[in-house]
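A.B. asks: here is my input, please return the structure:
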Amino acid sequence: MIFRSKAPLRIGLAGGGTDVSPYADLFGGAILNATISLFAHAAIEILDEKIIIVEAADRGEIGQYNLSKQLPINGTLDLLKAVYNRIQKDYHFPDQGFKLTTYVDAPAGSGLGTSSTLVVAVLGAFKEMLKLPLGDYDIAHYAFDIERNDLQLSGGRQDQYAATFGGVNFMEFYKDDKVIVNPLRIHSQYLHELENNLLLYFTATSRESAHIINEQVKNVKGNNEKSIDAMHNLKEQAQMMKEALLRGKINDIGGILDYGFAQKRNMASNISNSTIEAIYDAAKNAGASGGKISGAGGGGFMIFYCPENSRYNVCNALKQFGGEIKKYSFTKYGLTTWTA
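C.D. replies: Below you'll find the predicted structure:
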């Protein structure tokens with residue numbers, strides 16, 4: 001018997017970074033994001049032997065351990081092992097060997113929320129296996145708690161909630177880990193037009209988001225006015241994006257993205273670099289009306305809004321940089337689990 005799950009990655013459209021403490025705790029954050037047809041996958045296979053096998057198939061990493069209530073957190077497969085350790089701590093776990101296998105449809109550090117989505121997917125597989133009484137908010141917060149507290153990894157809160165809930169959501173973040181997910185009912189023709197005009201481009205580089213996020217946190221704690229004002233403006237951008245989507249002002253989205261990109265640069269020093277700036281300028285010169293770096297910044301995926309039929313010119317202009325245009329579609333559903 002195999003217990004499976006998958007959770008979608010996300011594109012952040014506006015408000016990125018305002019979900020990170022201490023900004024969200026002090027001022028309240030707001031983000032608008034949408035899940036896409038790239039997923040983190042997890043499967044748990046029951047074994048007859050008293051062993052635990054943990055494998056990240058896409059990364060070529062595998063570990064085998066004697067059946068134990070706690071697996072070592074030592075820099076290898078820690079995300080996967082930390083979920084098991086927490087489930088063992090909080091719930092009754094059978095004296096049963098198993099193999100946990102995962103893979104993700106995008107590279108780690110690509111800015112689509114891969115790590116957090118993977119944690120959600122692994123939680124989903126254990127939920128399916130153990131029939132755990134966890135709702136959507138429970139799973140999203142559980143994933144956040146494992147990453148930020150158990151593993152002490154820097155980051156925000158949007159990815160866990162996007163992966164769990166799915167769809168297009170306007171999310172609000174407050175102190176004491178309070179999160180409100182507002183699903184947006186967007187007319188299908190508006191979403192089709194957005195999907196057609198929004199280009200997802202992988203820069204062929206990955207980055208460690210923690211360094212950028214740590215600088216962002218330091219700027220807020222140090223009352224860096226430039227950085228905090230940028231976050232205020234990005235929170236406002238999320239409201240602007242929500243209104244544009246709900247009212248069908250789809251061609252306003254490029255300008256809203258462009259405004260956000262200008263603000264994002266002021267949050268931390270490593271968010272942009274010469275390569276990202278060259279890619280952004282080439283896309284705009286070819287007809288894109290705006291764009292952004294996905295995730296914390298520094299590399300990974302970028303998105304560009306290409307009005308009318310300009311996406312073809314933008315695609316050609318980006319070829320010189322050696323990256324990849326990634327096909328995708330928006331998804332309605334979040335974490336999905338089943339038994340095979």
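
A.B. asks: can you count the residues close to L100?
C.D. replies: 24 (other C-beta atoms under 10 Å). C-betas here are computed from N, CA, C, even on glycine.

A.B. asks: give the contact list for N316.
C.D. replies: With contact taken as C-beta atoms under 8 Å, 6 or more residues apart in numbering, N316 is in contact with A286.

A.B. asks: helix or strand right after the helix or strand hosting it?
C.D. replies: Element membership of N316, judged by DSSP states H and E, is helix 311-318. Per DSSP H and E, the first helix or strand lying C-terminal to helix 311-318 is strand 324-325.

A.B. asks: within its sheet, name the partner strands of that next one and how each one runs.
C.D. replies: Sheet pairing of strand 324-325 (DSSP bridges) gives strand 198-202 (antiparallel).

A.B. asks: export the partner strand as CSV, just CAs?
C.D. replies: Presented in CSV, the C-alpha positions along strand 198-202 are these (Å, rounded to 0.1, in the frame of the first residue of the first chain):
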residue,chain,number,x,y,z
LEU,A,198,2.1,36.1,-17.8
LEU,A,199,5.4,34.6,-18.8
LEU,A,200,7.3,32.3,-16.3
TYR,A,201,11.0,32.4,-16.9
PHE,A,202,13.7,30.4,-15.1
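
A.B. asks: quick check: angle from it to helix 311-318?
C.D. replies: Computed with axes from the mean of the first three to the mean of the last three C-alpha atoms, to 10 degrees, the direction of strand 198-202 lies at 20 degrees from that of helix 311-318.

A.B. asks: contacting residues around strand 198-202?
C.D. replies: Counting by C-beta under 8 Å, 6+ apart, 11, 36, 106, 110, 253, 279, 283, 288, 300-306, 311, 314-315, 318, 323-328 sit against strand 198-202.

A.B. asks: buried subset of those as a ChimeraX selection?
C.D. replies: In ChimeraX, a selection of the buried entries from the contacts of strand 198-202 looks like this (16 or more other C-beta atoms under 10 Å):
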select :11,36,106,110,253,279,283,288,300,301,302,303,304,305,306,311,314,315,318,323,326,328
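
A.B. asks: what ranges do the strands span in the chain?
C.D. replies: In the chain, the strands defined using DSSP state E lie at 2-14, 29-47, 51-56, 61-66, 97-104, 168-173, 179-183, 198-202, 290-293, 301-305, 324-325, 336-339.

A.B. asks: quick one: the helices in the stretch 51-200 of the chain?
C.D. replies: 78-90, 114-130, 136-145, 158-165, 188-197 (DSSP state H, counting those that start in this stretch).

A.B. asks: can you check the stretch 201-340 of the chain too?
C.D. replies: Using DSSP H, counting those that start in this stretch, the helices of the stretch 201-340 of the chain run over residues 209-221, 225-247, 253-264, 274-285, 311-318.

A.B. asks: among those, which is the most enclosed?
C.D. replies: Mean neighbour count (mean count of other C-beta atoms under 10 Å) peaks for helix 253-264 among the helices of the stretch 201-340 of the chain, with a mean of 21.

A.B. asks: helices or strands up against that one?
C.D. replies: strand 2-14, helix 225-247, strand 290-293, strand 301-305 (3 or more C-beta pairs under 8 Å, 6 or more residues apart in numbering; DSSP states H and E).

A.B. asks: give me the distance from the second one to the chain's centre.
C.D. replies: Here the centre of mass of C-alpha atoms in helix 225-247, compared against the chain's by C-alpha atoms, centre = their mean, to the nearest Å, lies 18 Å away.

A.B. asks: with just CA atoms, put that helix into CSV.
C.D. replies: Coordinates of each C-alpha in helix 225-247 appear next as CSV, following Å, rounded to 0.1, in the frame of the first residue of the first chain:
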residue,chain,number,x,y,z
GLU,A,225,13.2,53.5,7.0
LYS,A,226,13.9,52.8,3.3
SER,A,227,13.3,49.1,3.7
ILE,A,228,10.2,49.4,5.9
ASP,A,229,8.6,52.0,3.5
ALA,A,230,9.3,49.5,0.6
MET,A,231,7.4,46.8,2.5
HIS,A,232,4.5,49.2,3.2
ASN,A,233,4.3,50.0,-0.5
LEU,A,234,4.4,46.3,-1.4
LYS,A,235,1.5,45.7,1.0
GLU,A,236,-0.4,48.4,-0.9
GLN,A,237,0.6,46.7,-4.1
ALA,A,238,-1.2,43.5,-3.0
GLN,A,239,-4.4,45.5,-2.7
MET,A,240,-3.9,47.1,-6.1
MET,A,241,-3.4,43.6,-7.6
LYS,A,242,-6.5,42.3,-5.9
GLU,A,243,-8.6,45.1,-7.4
ALA,A,244,-7.2,44.7,-10.9
LEU,A,245,-7.9,40.9,-10.9
LEU,A,246,-11.4,41.1,-9.5
ARG,A,247,-12.4,44.0,-11.7
